[in-house]
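Q: Predicted structure and sequence below. I'll ask about it afterward.
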Amino acid sequence: MSIDYILNITGSMLEGAQMTILLFLIAIVAAIPLGFVLTLMANSTSKLISWFANSYIYVMRGTPLLLQLLFICFGLPLIPIIGDYLIMDRFVAACLGFILNYAAYFAEIFRGGLLAIDKGQYEASQVLGLSRWQTTTKVILPQMFRVALPAVSNESITLVKDTALLYAVAVPELLHFAQTAVNRDFTIVPFVIAGVIYLLMTLVLTLLFKQLEKKFKFE
């Protein structure tokens with residue numbers, strides 16, 4: 001296997017990796033705040049809001065992401081009357097599916113972070129005369145994010161790997177280019193290169209989150 005061949009297919013797969021990275025960035029930027037909103041809704045004093053948020057989280061975590069992607073891409077357009085208005089570009093539909101799915105997982109992570117905070121923190125804040133807003137923003141949220149950060153890191157790495165599901169809805173990402181090269185050239189080298197690219201992406205994420213954990217640890 002020549003070096004030129006490896007460089008050529010690596011270049012084409014890096015084009016696919018751009019789509020992978022773009023999906024990851026869109027999904028992570030949108031899913032984390034949406035997950036936090038879902039956490040607030042799930043803990044709402046309104047039974048209706050709480051029921052809706054918890055039901056949503058249960059459904060999204062209880063069904064495969066692949067099924068959700070297929071439903072959004074191919075199922076929504078089949079809905080009577082409104083289906084024609086729900087046809088989306090495949091990449092847009094995939095982004096929506098990832099955001100909705102991962103928001104549910106991040107919501108559970110944030111809920112765990114809130115549960116880990118001792119009730120004494122709330123009482124101490126009241127004694128200090130802090131308002132509810134000050135207690136939430138200055139005391140509770142920083143501690144919640146500190147506790148949740150390792151789990152957010154793990155979920156983010158999982159998100160990078162799950163981007164390979166774009167292949168199932170015909171979005172040309174990293175795995176698509178690797179599979180095309182394998183079928184064309186009858187060699188497993190493209191799969192190996194794809195694996196290395198995924199490892200490099202997860203390595204960058206791992207190092208980034210470790211730095212964030214150190215920062216929060218010493219604050």
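A: Received it, and whenever you're ready, just let me know what you need. Residues are numbered from 1 along each chain as shown.
Q: How many neighbouring residues does the residue nearest to A170 when sequence neighbours are not counted have?
A: Closest residue in space to A170, ignoring its immediate chain neighbours: R90 at 5.9 Å, by C-beta to C-beta, 6 or more residues apart in numbering. Using the backbone N, CA and C atoms, a C-beta is placed for each residue, glycine as well. Close neighbours of R90, defined as other C-beta atoms under 10 Å, add up to 16.
Q: now M13
A: The burial count assigned to M13 is 23, neighbours taken as other C-beta under 10 Å.
Q: Tell me how far it lies from I82.
A: Using C-beta to C-beta, to the nearest Å, one obtains 38 Å as the distance from M13 to I82.
Q: Give me the buried stretch members for the lengthiest helix in the chain, please.
A: What stands out as the longest helix in the chain, according to DSSP state H, is helix 3-42. Residues of helix 3-42 classed as buried: 9-10, 12-13, 16-17, 19-21, 23-24, 26-28, 30-32, 34-36, 38-39, 41-42 (neighbour count, 16 or more other C-beta atoms under 10 Å).
Q: Give me the phi and psi angles of N43.
A: N43 adopts backbone torsions of phi -100, psi 10, taken as degrees, to the nearest 10.
Q: Contacts only, for it.
A: Neighbour list for N43: 50, 111, 114 [criterion: C-beta atoms under 8 Å, 6 or more residues apart in numbering].
Q: can you pull the contacts of the first one?
A: The contact partners of S50, taken as C-beta under 8 Å, 6+ apart, are 41-44.
Q: Let me know the average pLDDT across the strand or helix carrying E123.
A: Take DSSP states H and E as the rule and E123 turns out to sit in helix 119-127. Per-residue pLDDT values over helix 119-127 give a mean of 73.
Q: Which parts of this protein are helices?
A: Using DSSP H, the helices of the chain run over 3-42, 47-62, 65-70, 90-115, 119-127, 132-134, 141-162, 174-185, 189-218.
Q: L76: which of the ones you listed is closest?
A: Nearest to L76 among the helices of the chain is helix 90-115 (8.0 Å), distances taken as C-beta to C-beta.
Q: Determine the angle, from 0 to 180 degrees, between that closest one and helix 141-162.
A: Regarding helix 90-115 and helix 141-162, their directions subtend 140 degrees when assessed with axes from the mean of the first three to the mean of the last three C-alpha atoms, to 10 degrees.
Q: can you list the weak-confidence ranges in this structure?
A: Regions of the chain meeting the criterion pLDDT under 70 cover residues 1, 217-219.
Q: Specify the residue positioned farthest from the middle of it.
A: Checked against the mean C-alpha position of the chain, the extreme residue using C-alpha atoms, centre = their mean is V127, at a distance of 38.4 Å.
Q: picking up where we left off before, distance to A168 for the helices of the chain - can I get that in a markdown table?
A: Compiled in a markdown table, those are given as follows (distance: least, C-beta to C-beta, whole Å):
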| stretch | distance to A168 |
| --- | --- |
| helix 3-42 | 13 |
| helix 47-62 | 18 |
| helix 65-70 | 6 |
| helix 90-115 | 9 |
| helix 119-127 | 45 |
| helix 132-134 | 44 |
| helix 141-162 | 11 |
| helix 174-185 | 10 |
| helix 189-218 | 16 |
